[in-house]
Every structure is written in C-alpha cells, then in structure tokens.
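1. Fold the following for me, if possible:
(one chain, ligands or ions: 3)
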Amino acid sequence: MEYDKIFILHQNIVHFPHIITSADATQVPFSFCLELSVRSVAEDRLGLEKEREKRGMDFLQWKAFPILVLLASFLVFYFRTSSKPSNSECSLLPHDHFWIHSKRIVTLEGVISGAVEIRGGNIGSIVKDKDQHDKVLKGHVVDYGEAVVMPGLVDVHAHLDEPGRAEWEGFYTGTRAAAAGGVTTLIDMPLNSFPSTVSEETLRLKVEAAKDKLYVDVGFWGGLVPDNAFNKSALEGLLKAGVLGLKSFMCPSGINDFPMTNASHIKEALSTLADYDRPLLVHSEIQLDFDSTSELKDGLDDPWSYSTYLKTRPPSWEEAAIKELLSIIQDKRTSGHQWAHLHIVHLSDASASLDLIKGAKSSGARLSVETCPHYLAFSAENIPDRDTRFKCAPPIRDAANNQKLWEALMDGHIDMLSSDHSPSVPELKLFDEGDFLRAWGGISSLQFVLPVTWSSGQKYGITLNQLASWWCERPAKLAGQELKGTIMSGKHADLVVWEPDADFVIDESYSIYHKHPHISAYVGSKLSGKVLATFVRGNLVYSDGKHAPTACGVPILAK
Ligand SMILES: NC(=O)NC(NC(N)=O)C(=O)[O-]
Ligand SMILES: [Zn+2]
Ligand SMILES: [Zn+2]
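-> Ligands and ions are numbered 1, 2, ... in the order given. Next comes the predicted model:
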C-alpha cells in the first residue's frame with residue numbers, strides 16, 4: 001500500500017502541524033496520544049516520471065516520519081511541562097512542572113541538599129545534589145539557597161468560625177493567615193461556628209461557606225454532642241458526609257449548641273468511629289468542685305491576675321478527664337471490642353495527666369496527644385495582669401510545667417502540635433476591664449505557630465526533622481491524609497520554605513492576616529524563622545508577603 005499524506009492528529013492540537021501557540025499548549029492533556037491517519041492512493045498514475053517523483057517523495061516521507069513523531073512528542077512534552085496551569089490565578093508561579101532547589105530539604109531520611117520536582121501539583125521526584133553530578137535539572141528551577149524546604153504544616157486544631165461567627169474569624173482570613181504561616185492543611189473544629197458541625201446538614205453549610213475562600217486545603221472534624229451520640233444513623237450520616245473524625249468536650253464548651261459529653265456518649269462514639277477508622281478528639285477537662293477552704297476563694301478577688309484564672313482550672317481537671325477516658329478505652333480493650341483511635345487535644349498539664357498518658361501508651365492503647373505552641377512559649381508567671389489575649393482553656397501553667405512539656409515532646413511522649421487558633425471579636429476579650437474570669441478564652445496564633453515553635457525550642461535543641469514530625473507527618477496521619485505531611489514522591493506538593501535564622505518582631509507594621517490581628521498573644525514577640533513561601537499542591541499561594549490572586553484550596557472530605 002502506498003500513502004500520499006500522513007496526518008498526525010491529536011484531539012487538542014487542533015492546528016498541528018502549524019505552530020503551537022502557548023494558548024493551545026495549555027490545553028494539551030497528560031495522556032498524549034498520537035494517532036496516524038493514512039489515506040491510500042489510487043494505483044493509477046499519470047506517467048512514469050510522475051510515478052518516480054512520487055516514489056521519491058514517499059521515500060522521503062517515510063524517512064521523515066519518525067522525525068515528525070519525535071518532534072510532535074517533544075513539542076507536546078515541552079509545552080505540557082513548561083506552560084501555565086489552566087488556572088494561573090491560583091499560583092504566583094506560572095509553571096505546572098518545576099523544581100525547587102535548596103541546601104536544606106527536610107525529608108524522612110534527613111535533611112538533604114538537592115531538588116524537589118513538582119509536577120501537576122504532586123511531588124515527582126527528589127534528587128540529591130550529590131547524586132546529580134553534572135546533570136542539569138530540566139525545566140524551571142526555583143533556587144531557595146540555604147532556606148529550609150519542609151512539608152507544609154498540617155494544623156489539626158483550628159477554629160475558623162464560619163458560618164455564623166464570621167466576625168470572629170473566617171475561611172478567607174484564616175486560610176490567608178495559614179498560608180502566610182506555612183500551614184498548608186488545616187482541620188476546622190466543629191464549634192464556634194453557628195450552627196456547630198454536628199450533622200450532615202451542618203457539614204454541608206460549612207462546605208458551602210468555605211466555597212472559593214480557601215487559600216489552603218481544609219478538612220472538618222464533626223462534633224460529638226449528647227444529641228447525636230446515641231443516634232447511630234445521625235453519626236454515620238455525619239461521617240459518611242466526610243468529617244475526618246469527631247470532637248467532643250468533657251466540660252462546658254462555652255458554646256450553647258455544643259454541649260459536653262459524658263463517658264457513655266464517648267463509648268458509643270468510639271464504637272461507631274471504629275467502623276470508619278476515624279479518630280475521636282477530646283477536650284479533656286472535667287469540672288471538679290472546689291473545696292471551700294482552698295486558696296481559690298481569696299484569689300477570686302483579683303480577676304486581673306492570670307494566677308487567679310489558673311487556680312480556677314487546676315491540673316486535676318485534666319487529670320480527671322484523662323483518667324476517665326483511659327478507663328473507657330481500657331474497658332473497650334478488655335471487652336474485645338474494636339475501638340477507635342483516641343486523641344487528647346491541647347494537653348497543658350505535664351505532670352499527673354501526662355503520666356497517665358505515658359502509662360496507657362506503654363500498655364498499647366490507641367492514643368495520641370497534642371500540645372500547642374502557647375503552652376510551650378509562655379509561662380503563667382510572665383503573663384501580664386489584665387492581658388486577656390493569653391486566656392485559654394486549659395490554662396497556660398507555670399515555668400516548671402512548661403519545661404516538663406518540652407521534655408515530654410522531646411522524649412516522644414507528646415506526639416504532635418496544633419495551633420488551637422481560637423479567636424473571637426476583640427470586645428469579648430474585655431481588654432478595658434482586663435478580667436480574666438469573664439473574658440472569652442482562646443488564643444489567636446495560626447500565622448505564627450512555626451516561628452513560635454522554632455524560637456522557643458532553640459533552648460531544647462530541636463531539629464528540623466522533629467519539627468516536621470510534630471507539625472506535618474503525625475498530624476497528617478491523625479487526619480487520615482496520607483498524601484500530605486511528608487516530602488516524598490507521589491505526595492501532594494504542600495511545602496513551606498522558611499528561613500530559620502531570620503529574626504523579626506511582630507509589631508504594628510507586621511502583616512497579620514487573622515481577622516483580628518491585634519488580639520494575638522504573639523503581637524510584640526520577637527521570633528526567629530521567617531516564612532518565605534508556601535506551596536499548596538504545587539501552587540505558590542504565598543510568597544514574600546504576597547498571596548496568589550485566587551483562593552484555590554479545596555475542602556477535604558473523607559470518603
Ligand atoms: N470554644 C472554644 O473555642 N474553645 C477553645 N478554647 C480554648 N482552648 O481556650 C477550645 O479549644 O477549648
Ligand atoms: Zn478545647
Ligand atoms: Zn480548640
């Protein structure tokens with residue numbers, strides 16, 4: 001058979017073999033498929049000469065064919081890898097395939113000098129400089145020099161308060177602050193928004209409220225409350241709708257539609273959660289009665305001192321709650337039932353409560369615990385009178401406790417860190433009165449958790465790998481996000497680039513993206529560790545004080 005023409009067709013290269021414009025090239029999909037369409041030629045030829053000429057042409061075409069194919073493949077590959085992503089508004093970097101080079105990349109195998117390949121939002125490969133010899137990285141390379149490239153932080157405890165209390169914080173402001181702080185994933189708490197996220201329907205409201213406002217990826221914890229605890233189908237509805245796990249309080253939460261749970265509610269939830277392999281997170285404080293002879297009575301005359309507030313929420317409250325939780329999971333284990341993973345949020349007491357946790361872990365309980373940067377960075381003795389920015393529950397305890405918390409973290413007894421970013425409107429902090437007993441609790445911190453942890457951990461010699469394990473790898477596991485939290489090929493390209501040695505002061509001129517910048521307890525602090533850039537699934541969402549034009553984070557729903 002003979003051919004007079006060869007057409008190279010591709011569904012998107014409509015003008016081929018004309019010059020491909022970059023606009024066309026953005027349309028070229030990954031699954032490039034080359035098809036040959038051939039047309040046969042009639043046998044009748046006009047004359048011998050023409051016939052010879054034709055044969056000569058055919059011969060040339062057959063010779064040229066492999067070259068054409070090669071050229072076509074090259075063009076498609078080139079434009080696919082170097083062109084803008086379809087929504088270039090999502091990123092400050094107009095590339096879909098590029099390399100990030102740094103002398104300090106934090107991987108599970110240690111800190112390496114090399115380059116991370118980003119392709120289509122995922123990590124393609126990681127190349128060590130020493131293995132690269134004189135090979136040149138192909139494509140766009142962003143060289144961050146000595147700056148640290150680490151997995152983006154996964155904050156499993158943040159209150160974004162939308163819908164219903166968007167005046168406290170919101171998806172837009174909260175996730176812009178997260179991006180500026182190197183947090184690439186956060187999991188929103190089910191309370192402080194209104195309504196609380198306690199049903200399939202209220203989760204839907206959350207997801208709707210988040211639409212087009214997310215600068216980072218956001219998952220959701222559902223609320224475990226007395227109303228849904230014994231209603232298996234309601235709880236299952238919430239889990240099937242996509243919450244990553246449940247969260248409950250063992251003391252009043254301060255939020256009307258989020259009442260506290262008791263041991264029997266928790267037991268029920270642990271069974272249901274076991275079927276879905278999702279965790280239960282618990283605010284572990286139980287309100288105990290005060291003995292009337294305690295020093296508390298006198299202290300209450302001075303509501304402007306943090307030490308008074310501290311006495312109202314003693315470590316025994318945390319201890320009582322944790323004791324109860326451990327007896328629940330102990331019962332479950334001895335009864336041979338399946339039980340879900342239990343996670344204790346924001347541990348503050350590094351004495352009896354921590355000892356209980358250590359004991360349970362060593363006997364094999366499915367248990368993890370987080371603490372927060374404010375418990376590591378501050379001590380009660382140093383909190384100024386009337387400064388209600390520091391009020392939170394459980395409270396920040398004394399310097400000796402602070403040191404013990406650090407030791408527990410360093411020794412691996414505390415598994416991870418979270419922000420517990422829990423802002424409110426400034427009026428509720430009662431700054432004029434400075435009354436610790438009446439002011440709303442909750443510390444505003446999301447944008448600063450990385451430099452705060454790094455700065456206060458210097459004294460203890462923390463390493464970059466420890467930081468990545470506390471802030472990225474372990475929290476991602478807790479939230480069931482196996483594509484996040486590590487720099488590894490195939491994972492999401494969620495990265496923070498930061499400069500550990502750069503010092504800065506959070507003063508009036510510092511750009512804070514929280515809804516209410518000045519209520520943060522860190523305003524006025526001098527910190528080390530400046531975030532230079534943040535990538536979420538390959539999009540450069542924050543760089544050098546600027547955010548990408550469009551919010552392209554996504555809601556994360558469990559399947
Ligand atoms: N309603 C809240 O935001 N509570 C939070 N408040 C704090 N931690 O002070 C919390 O996580 O318990
Ligand atoms: Zn709490
Ligand atoms: Zn909280």
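2. Look at residue 46 and report its pLDDT.
-> On the pLDDT scale, residue 46 is placed at 35.
3. in the stretch 451-559 of the chain, which spans are helices?
-> 464-468, 474-478 (DSSP state H, counting those that start in this stretch).
4. now those helices in JSON lines, with mean neighbour count?
-> Placement of C-beta: from N, CA and C, glycine included. Below are the helices of the stretch 451-559 of the chain laid out as JSON lines (neighbours: other Cβ atoms under 10 Å):
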{"stretch": "helix 464-468", "mean neighbour count": "19"}
{"stretch": "helix 474-478", "mean neighbour count": "23"}
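5. which one of those lies closest to ligand 1?
-> helix 474-478 (15.6 Å; Cβ to the nearest ligand atom).
6. which residues does the residue nearest the centre of the chain bridge with?
-> Per Cα atoms, centre = their mean, the C-alpha nearest to the average position across the chain is that of residue 185, at 1.8 Å. Beta bridges link residue 185 to residue 154, residue 217 when assigned by DSSP bridges.
7. Give me the helices and strands touching the helix or strand that contains residue 353, please.
-> Assigned by DSSP states H and E, residue 353 belongs to helix 352-362. Applying 3 or more Cβ pairs under 8 Å, 6 or more residues apart in numbering; DSSP states H and E, one finds that helix 352-362 contacts helix 315-334, strand 367-371, helix 399-410.
8. quick one: it to helix 399-410, angle?
-> 20 degrees (axes from the mean of the first three to the mean of the last three Cα atoms, to 10 degrees).
9. Give the burial count for the residue of the stretch 301-450 of the chain found nearest ligand 3, as a bare number.
-> Proximity of the stretch 301-450 of the chain to ligand 3 (Cβ to the ion) peaks at residue 420, 4.3 Å away. By the measure other Cβ atoms under 10 Å, the count of residues near residue 420 is 28.
10. Hmm, it is touching residue 372, no?
-> Yes. If you go by Cβ atoms under 8 Å, residue 420 and residue 372 touch, sitting 4.7 Å apart.
11. residues shared between the contacts of these two?
-> 157, 346, 443, 445 (Cβ atoms under 8 Å, 6 or more residues apart in numbering).
12. ok, which of the residues you listed also contact ligand 1?
-> residue 346 (Cβ under 6 Å from any ligand atom).
13. Mind putting the shared contacts of residue 420 and residue 372 into TSV with secondary structure and pLDDT?
-> What follows is these, written out as TSV (DSSP: H, G, I helix; E, B strand; the rest coil; pLDDT from 0 to 100):
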residue	secondary structure	pLDDT
157	strand	99
346	coil	98
443	strand	98
445	coil	98
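14. would you turn the shared contacts of residue 420 and residue 372 into CSV with neighbour count?
-> What follows is these, written out as CSV (neighbours: other Cβ under 10 Å):
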residue, neighbour count
157, 25
346, 25
443, 26
445, 26
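15. before we move on, back to that, turn the helices of the stretch 451-559 of the chain into TSV, columns for mean pLDDT and distance to residue 313.
-> Output for the helices of the stretch 451-559 of the chain, formatted as TSV (pLDDT from 0 to 100; distance: least, Cβ to Cβ, whole Å):
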stretch	mean pLDDT	distance to residue 313
helix 464-468	98	29
helix 474-478	99	25
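16. Which one of those lies nearest to ligand 3?
-> helix 474-478 (14.3 Å).
17. CA atoms only: put the closest one into CSV for me.
-> This file holds the C-alpha atoms of helix 474-478, laid out as CSV (Å, rounded to 0.1, in the frame of the first residue of the first chain):
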residue,chain,number,x,y,z
ARG,A,474,2.0,12.9,62.6
PRO,A,475,-0.9,15.3,62.3
ALA,A,476,-1.5,14.3,58.7
LYS,A,477,-1.7,10.7,59.9
LEU,A,478,-4.2,11.6,62.6
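18. could you say what helices and strands that helix packs with?
-> Using 3+ Cβ pairs under 8 Å, 6+ apart: helix 474-478 touches strand 153-158, strand 367-371, strand 416-417.
19. and residue 348, that's in a helix?
-> No. Counting by DSSP: H, G, I helix; E, B strand; the rest coil, residue 348 is not part of a helix but coil.
20. how much space between the nearest residue to residue 545 once chain neighbours are set aside and residue 530?
-> When the adjacent residues along the chain are set aside, residue 545 lies closest to residue 511, with 6.2 Å between them (Cβ to Cβ, 6 or more residues apart in numbering). Remark: distance between residue 511 and residue 530 (Cβ to Cβ, to the nearest Å) = 12 Å.
21. Residue 392 is nearest to which of the helices of the stretch 451-559 of the chain?
-> helix 474-478 (19.3 Å; Cβ to Cβ).
22. could you dump the helices of the stretch 451-559 of the chain to JSON lines with distance to ligand 1?
-> Shown next, in JSON lines, are these (distance: least, Cβ to the nearest ligand atom, whole Å):
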{"stretch": "helix 464-468", "distance to ligand 1": "22"}
{"stretch": "helix 474-478", "distance to ligand 1": "16"}
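23. among these, which is nearest residue 225?
-> Nearest of the helices of the stretch 451-559 of the chain (Cβ to Cβ): helix 474-478, 21.2 Å.
24. Go through stretch 273-285 and flag the buried ones.
-> Neighbour counts over stretch 273-285 (16 or more other Cβ atoms under 10 Å) mark 273, 274, 276, 278, 279, 280, 281, 282, 283, 284, 285 as buried.
25. my bad, should have said stretch 352-363
-> For stretch 352-363, by 16+ other Cβ under 10 Å, it's 353, 354, 356, 357, 358, 360, 361.
26. Let me see the mean pLDDT of that stretch.
-> On average, stretch 352-363 scores 97.
27. Check stretch 239-246 too.
-> On average, stretch 239-246 scores 98.
28. For residue 264, what is the enclosing helix or strand?
-> Using DSSP H and E, residue 264 falls in helix 263-276.
29. Perfect, I'm done here.
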